[in-house]
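Engineer: Build the 3D model from these lines:
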Amino acid sequence: MKKIFLFLGILLTLSACGNNYEGDFSYEVESFEFTNQNGEVFNSEQLQDKFWVADMIFTNCETVCPPMTANMAKLQEKIKEEGLDVELVSFSVDPDNDSPEILKEYAEVRGGEFDNWNLLTGYEFQEIKEFAVKSFKAPVEKTADSDQMIHVVSFYLVSPEGNAILRYDGSDSDQMDQIIADIKKMM
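Structural biologist: Numbers count the residues shown, from 1 in each chain. Alright, predicted model coming up:
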């Protein structure tokens with residue numbers, strides 16, 4: 001009888017040792033090592049055990065990227081107001097044109113700061129195309145007749161375990177409140 005109680009005690013202790021965050025889906029985000037807006041190496045290990053929000057943008061975008069980036073800056077302000085430890089990551093889908101300096105200026109103009117926001121480049125287009133599909137189930141394509149890219153307008157909430165679990169409309173500023181509410185429920 002003692003062995004049964006000991007076993008149950010160990011089982012309960014082990015089951016309480018880790019969180020398994022649930023969302024609408026669970027896509028494992030591949031490991032990465034890219035260059036951020038400061039020209040520094042930034043990798044997925046730096047996000048380990050933290051919630052983070054990801055999106056895909058490019059600075060020559062004439063439609064959805066400017067409001068998405070402004071919304072990311074708005075989300076950053078809300079994270080700060082709530083005292084949350086959440087990282088933000090924007091992946092450029094146009095790495096041939098988006099240098100670290102260009103990405104930095106692009107975010108700054110829209111109110112972004114860089115204490116918890118990394119805008120990434122420093123890879124080939126094919127690499128980000130494959131990364132986006134494998135990690136977020138998000139297609140990325142070049143348009144045939146212009147310098148525009150086709151990509152999703154989603155923000156993805158990534159769990160501390162490294163899985164994308166929720167998707168939001170990054171062009172809808174009201175969704176930033178929902179992201180904060182969802183993170184607070186899981187913390």
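Engineer: quick one: secondary structure of Ser146?
Structural biologist: Secondary structure of Ser146, reduced to three states by DSSP: H, G, I helix; E, B strand; the rest coil: coil.
Engineer: In the helix or strand harbouring Ala54, which residues are buried?
Structural biologist: The secondary structure element spanning Ala54 is strand 51-57 (assigned by DSSP states H and E). Using 16 or more other CB atoms under 10 Å as the burial criterion, the residues of strand 51-57 that qualify are 51-57. Backbone N, C-alpha and C define where each C-beta goes, glycine included.
Engineer: would you list those in JSON lines and tack on pLDDT?
Structural biologist: As requested, the buried residues of strand 51-57 are exported to JSON lines (pLDDT from 0 to 100):
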{"residue": "Phe51", "pLDDT": "98"}
{"residue": "Trp52", "pLDDT": "98"}
{"residue": "Val53", "pLDDT": "98"}
{"residue": "Ala54", "pLDDT": "98"}
{"residue": "Asp55", "pLDDT": "98"}
{"residue": "Met56", "pLDDT": "97"}
{"residue": "Ile57", "pLDDT": "97"}
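Engineer: other SSEs contacting the strand holding Ala54?
Structural biologist: Under the contact criterion of 3 or more CB pairs under 8 Å, 6 or more residues apart in numbering; DSSP states H and E, the helices and strands touching strand 51-57 comprise helix 65-82, strand 86-92, helix 125-136, strand 154-158, helix 175-186.
Engineer: what about the last one, average pLDDT?
Structural biologist: In this model, helix 175-186 has an average pLDDT of 97.
Engineer: And the buried residues of strand 51-57, which is closest to Ser159?
Structural biologist: Ranked by distance to Ser159 (CB to CB), these are led by Phe51 at 6.6 Å.
Engineer: isn't that closest one right next to Ser159, touching?
Structural biologist: Yes. Judged on CB atoms under 8 Å, Phe51 makes contact with Ser159 at a distance of 6.6 Å.
Engineer: For those two, list the residues in contact with both.
Structural biologist: Taking CB atoms under 8 Å, 6 or more residues apart in numbering as the contact rule, Phe51 and Ser159 both touch Met186.
Engineer: And the pLDDT at Lys142?
Structural biologist: If you check Lys142, the pLDDT there is 88.
Engineer: same check, this time on the one 3 residues further on
Structural biologist: On pLDDT, Asp145 comes in at 75.
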